[in-house]
Each structure stands twice: as C-alpha cells, then as structure tokens.
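Student: What follows is a predicted protein model with its sequence.
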Amino acid sequence: MKAAVLNSIPGRLDIEEVQIGEPGPREVLVRTAAAGVCHSDLHFMEGKYTYPCPAVLGHESAGVVEAVGSMVSYVRPGDHVITCLSAFCGHCSQCTDGHLSLCENKATELVRRPDDPPRLSRDGEVVNQFLHLSSFAEQMLVHEHALVRIDPDMPLDRAALIGCGVTTGLGAVFRTARVAPGEAVAVIGCGGIGLSAIQGARIAGANRIIAVDTVASKLELAQELGATHVVDASSTDAVQAVRDLTGGGVHHAFEAVGAKVTAEQSFQMLRNGGQATVIGMIPLGTTVEVAGVELLYEKRLTGSNMGSNQFRTDMPRFVDMYLDGRLKLDEMVSKTISLEQIEDGFADMRAGNVARSVIVFD
Ligand SMILES: NC(=O)c1ccc[n+]([C@@H]2O[C@H](COP(=O)([O-])OP(=O)(O)OC[C@H]3O[C@@H](n4cnc5c(N)ncnc54)[C@H](O)[C@@H]3O)[C@@H](O)[C@H]2O)c1
Ligand SMILES: [Zn+2]
Ligand SMILES: [Zn+2]
C-alpha cells in the first residue's frame, strides 16, 4: 500500500510502498477513508519532538473495517470507525479510574511484541507505527482499543477531524476544564484545535468567547464558529486586550499553539480563580514560567492530553452534534488533498492558510 514515511527527524514525508500485516487476535484492519493534517505531525517532522524512524505519520482519521482478528467482537467488516491515538488497555490504574487517555500500558500491551512480525514493514525492514495508528496510509492495522464504531450516516472526511482535533478541543473544554454556562473563555490559536475549543465553549454555553490569533482569516472563521470577540495578536498585546474585554480576565484560557510565550499568556489573562489549559505541544526542553504570587489568587495552570477523552463515549456524541448541526465541521475543512499532496498540506499549515487540510483516499 501507499504510505507517507518520515525517514529522518527533522525530515519530510516520502510517499512509499509499505507492507501491512494481517490482523492478530485483537487487531483490526481498516481501509483509511480520510486523514486530517494536524500540527502534532509537523512538530515531529521539525524535530521539536522525537520518534523512531522510519515511521508512517498521521493520527487523525476515519475509515471502514476490512478485517478483524479472531478475538474481536466489537466491530465487523463494513463498520465505519474513527481511530484514536488514545488507545487504552482498560485495566491499568488510570483506565479503571476513568483517565483512559493517560493509560499506562500504551507502550506494552497495545503494540505487537518485539519478537512478533511488525504491523508495518518495508522490504523486510520494520517501519514504526506512529501513535498506534499511522493514518497517512491507505490502510491501518490497529488494536481494537484504538477505534470507535460510528453512525454510517456520518461523512468519513468530516469524521476524521473528530479523530484528533475536535476531540482534543471539545474535550479540553468539556472534560479537562469543565467550562460552565456563562463563563468567559479565551482561546489562543485558531487552527483545528483552537477552533474546536471555540466550538466547545459555544456548545457549553460560555458567554464571552474571545479568539486570539495572528492571522486575520483565522479570526473570521473563529467568529463563524462561535467566537464573540477576536484579538489580532500580530498587532495587539493579547493579554491586555483580553483583560480589557472581560473587565479583568477570563475564567478559562486555552492555549492551542504550542509555544512558551502563548502558554504564559494563557495564564496571564486569567481572572482570580481562573484556569489556563495548555493543549499545544510545547517543544521538548522548553519550560513555562508563571509569577509565583499569582498562585495566591488560586489561578491554575494545567495541560490536556487529547481532551482528557473517553473516546468511545465522546466521539459518537460529537458525531451526533455534527449531524444535528451544533458542531460545524464543513467550515473547518479548508482543503481536501490526495496523499501525494501531503507536503502541500504541511506548507499551508506553516503559512497559516488553512484550518484543516484533509487527505481523502480513493
Ligand atoms: N494536547 C494534545 O493532546 C494535542 C492534540 C492535538 C494537537 N495538539 C497541539 O495543539 C497545537 C495546535 O494544533 P493545530 O493542529 O490546531 O495547529 P495549527 O497550526 O492548525 O494552528 C495553530 C494556530 O496558532 C496560530 N498562532 C501561531 N502563533 C500564534 C501566536 N503567537 N498567538 C496567537 N496565535 C498564534 C496560528 O496562526 C494558527 O492559526 C499544536 O501544538 C499541536 O501539536 C495537542
Ligand atoms: Zn493531532
Ligand atoms: Zn490502561
């Protein structure tokens, strides 16, 4: 099958022929229908994070089940599924405590053992699977706990966005931060993740939703999706602007960029008792600083991993929200591209031209 392979870090993606295995007892073979281009892939390509190479990247996808292993009863061939990198074992202390996205056995129980044949290979050489998925490929071979069955009425190119960006943004609002109706929210960064957090804040009933970005077209889209106010951080001090708009600061700030400066801004724009939730992937080795005295005013700084999801519960709900019109995904797909155009998708992301590019497979 065709797949986009990262051969070195930093590096670019090469479209290559890769071999995929047969499903083991608890594995599912999925024909990829669509895969979103998320900034997290780019962080690895740019060397801000590391991963063993060669690897097939991609982690935001939906598809159709082709074959299942002998012990799989949850899905059958023909079922429509969304994949999720938050593969869970179901029995570690984090899973049994409800924190499935923090599962402790991801690296041991949800992958094949080193002496088993690899899920992905290239002429006999191991090709690493990225985050349990490797979505930039015509097929995926995943553990059954890395997918959820969905309503077949859901268009799969829209469903793909739920695989990472939407679940991360909505989950950060609903599960990590638990935004309450009437609260004031700021979201820094209006790409796929930030726009999803804005939609989450709208659905949660926030009163003021302030979108912050440096690109005018992103701020326009943010308003279409639920922002009540916008701040152009290319020309304005974002912290002061948010404080002015809210008479002192927001209850909740979400950072959806992945940088030290914006993470610190998210804390600085809080009212007393407020919470900053950093979603962006801050580069390895980078520290985030807060003024210690601010802690006296009960301000909180926290992270969110994939929106603290319980994705088999959350994703079908998000599908329903799309089908009933509350969750707007058509507006978030700026471009559909082929696998061969994947580097163009990342170039558009770097240039800030798109909310999301989605790869659609034939
Ligand atoms: N925590 C998680 O589980 C998780 C999951 C998915 C993605 N992420 C991370 O979330 C971040 C956002 O991902 P994305 O796919 O939406 O990226 P994206 O590139 O599509 O969007 C980032 C946005 O930030 C804006 N921006 C850049 N610098 C800014 C600044 N100084 N002030 C305000 N806005 C600024 C850009 O214009 C762009 O609109 C990335 O760091 C990604 O790795 C984290
Ligand atoms: Zn992602
Ligand atoms: Zn677990």
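Tutor: Yes, it's here. Numbering: from 1, shown residues only. Ligands and ions are numbered 1, 2, ... in the order given.

Student: Distance of residue 192 relative to ligand 1?
Tutor: 4 Å (CB to the nearest ligand atom, to the nearest Å). From N, CA and C alone the C-beta is placed, and that goes for glycine too.

Student: Equivalent analysis for residue 167, please.
Tutor: 9 Å.

Student: now that residue: how far from residue 84?
Tutor: 7 Å (CB to CB, to the nearest Å).

Student: Domain map for the chain?
Tutor: Here the domain parsing of the chain from automatic domain parsing is 2-149+329-360, 169-305.

Student: Turn the ones you listed into TSV, including mean pLDDT and mean neighbour count.
Tutor: Formatted as TSV, the domains of the chain follow (pLDDT from 0 to 100; neighbours: other CB atoms under 10 Å):
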stretch	mean pLDDT	mean neighbour count
domain 2-149+329-360	97	19
domain 169-305	98	21
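
Student: Ok, which of these comes nearest ligand 3?
Tutor: domain 2-149+329-360 (3.2 Å; CB to the ion).

Student: what residues does the chain put near ligand 3?
Tutor: 89, 92, 95, 103, 105 (CB under 5 Å from the ion).

Student: For my notes, confirm the first one occurs in a strand.
Tutor: No: counting by DSSP: H, G, I helix; E, B strand; the rest coil, residue 89 is located in no strand; its state is coil.

Student: Once you drop chain neighbours, what's closest to it?
Tutor: Leaving aside its chain neighbours, residue 89 sits nearest to residue 105 (3.9 Å; criterion: CB to CB, 6 or more residues apart in numbering).

Student: And the one you found, which helix or strand is it part of?
Tutor: Using DSSP states H and E, residue 105 sits in no helix or strand.

Student: what sits against it?
Tutor: 89, 91-92 (CB atoms under 8 Å, 6 or more residues apart in numbering).

Student: Need these in CSV (columns: distance to ligand 2).
Tutor: CSV is the format used below for the contacts of residue 105 (distance: CB to the ion, whole Å):
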residue, distance to ligand 2
89, 21
91, 26
92, 23
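
Student: From the chain's centroid, how far away is stretch 303-317?
Tutor: When distances are taken as CA atoms, centre = their mean, to the nearest Å, stretch 303-317 is centred 10 Å away from the chain's centroid.

Student: close to ligand 1, is stretch 255-275?
Tutor: Yes: residues of stretch 255-275 contacting ligand 1 under CB under 6 Å from any ligand atom: 256-258, 262.

Student: residues from this protein in reach of ligand 1?
Tutor: Close to ligand 1, as judged by CB under 6 Å from any ligand atom, the chain has residues 38-40, 43, 164-165, 168, 188-194, 212-215, 218, 233, 256-258, 262, 279-281, 304-306, 349, 352.

Student: Where strands are concerned, which of these count?
Tutor: In this view, the residues of the chain next to ligand 1 that belong to strands under DSSP state E are 188, 212-213.

Student: from the residues you listed, which single one is nearest residue 63?
Tutor: Within these, the smallest distance to residue 63 is 31.2 Å, found for residue 213 (CB to CB).

Student: Please, where are all the strands along the stretch 1-150 of the chain?
Tutor: 2-6, 13-17, 19-20, 27-36, 55-56, 61-68, 80-83, 120-122, 125-126, 128-129, 139-143, 147-149 (DSSP state E, counting those that start in this stretch).

Student: who does the third one touch, helix- and strand-wise?
Tutor: The criterion is 3 or more CB pairs under 8 Å, 6 or more residues apart in numbering; DSSP states H and E, and the helices and strands that strand 19-20 contacts are strand 120-122, strand 139-143.

Student: Which among the ones you listed is found nearest to ligand 2?
Tutor: strand 139-143 (15.1 Å).

Student: List the neighbouring strands of that closest one plus their orientation.
Tutor: Partners of strand 139-143 in the sheet, by DSSP bridges, are strand 27-36 (antiparallel).

Student: okay, the partner strand in CSV with CA atoms only?
Tutor: Extracted C-alpha coordinates of strand 27-36, given in CSV (Å, rounded to 0.1, in the frame of the first residue of the first chain):
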residue,chain,number,x,y,z
GLU,A,27,-6.4,-6.2,15.9
VAL,A,28,-8.5,-4.6,13.2
LEU,A,29,-7.5,-3.8,9.6
VAL,A,30,-9.1,-0.5,8.5
ARG,A,31,-9.2,1.0,5.0
THR,A,32,-8.4,4.6,5.5
ALA,A,33,-11.1,6.9,4.1
ALA,A,34,-9.7,10.3,5.3
ALA,A,35,-6.9,11.6,7.4
GLY,A,36,-6.5,15.2,8.8
